[in-house]
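> Please work out how this folds:
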Amino acid sequence: MEPTKSELEILQVLWQHGPSTVRFVNDTLNEEKRSVQYSSTLKLMQIMTEKGILSRDESSMKHIYHPVEPENKTKGKLLERFVDSMYKGSAASLVMQLFGNKNTSKEDLDEIKDFLKKLE
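Here you go, the predicted model:
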């Protein structure tokens, strides 16, 4: 299941801060992103639970939500779909596009070179 933009914002909060209540997620979104009504956050997190994106611990008075899949797995799936749809599956095309659109620092290039050496 591919999360929507709003669902990804919620996932980002949960990945960064760990399992949380709706109130915490809503407050964090209001501080970091944009103004969001509590009822909207609650409804969206309930929908995400129904979709299997989140799970909910109901053992205490305050329900605690957490992502079903780890961050790297979700991001990996999204990136794979993006590369398939936008770059016909070519990771090289994506990387060349990234380097062509942005000034890459020497530190970033060194880190990428080290990473590529480790892959070999």
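
> any idea where the helices of the protein begin and end?
5-17, 22-32, 38-51, 71-87, 91-101, 106-119 (DSSP state H).

> so how far is the longest one off the chain centroid?
Chain-centre distance of helix 71-87: 11 Å, with C-alpha atoms, centre = their mean, to the nearest Å.

> among the helices and strands of this structure, which one scores worst on average pLDDT?
Counting by mean pLDDT, DSSP states H and E, the chain has its least confident helix or strand at helix 91-101, which shows a mean of 82.

> related to what we said a few turns ago, dump the helices of the chain into TSV; add mean neighbour count and distance to residue 64 as well.
The C-beta positions use only the backbone N, C-alpha and C, and glycine is treated the same way. Converted to TSV, the helices of the chain look like this (neighbours: other C-beta atoms under 10 Å; distance: least, C-beta to C-beta, whole Å):
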stretch	mean neighbour count	distance to residue 64
helix 5-17	17	10
helix 22-32	17	9
helix 38-51	16	11
helix 71-87	13	18
helix 91-101	11	37
helix 106-119	9	36
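
> which residues touch the least confident helix or strand of the chain?
With contacts defined as C-beta atoms under 8 Å, 6 or more residues apart in numbering, helix 91-101 is touched by 82-83, 86-87.

> try 10 Å this time
Applying C-beta atoms under 10 Å, 6 or more residues apart in numbering, the contact partners of helix 91-101 are 79-80, 82-83, 86-87, 90, 104, 108-109, 112.

> Which residue in the residues you listed has the weakest pLDDT?
Least confident entry in these, by pLDDT: residue 104, with 78.

> so who does residue 105 touch?
With C-beta under 10 Å, 6+ apart, residue 105 has these contacts: residue 111.

> State the distance from it to residue 96.
With distances taken as C-beta to C-beta, to the nearest Å, residue 105 is found 17 Å from residue 96.
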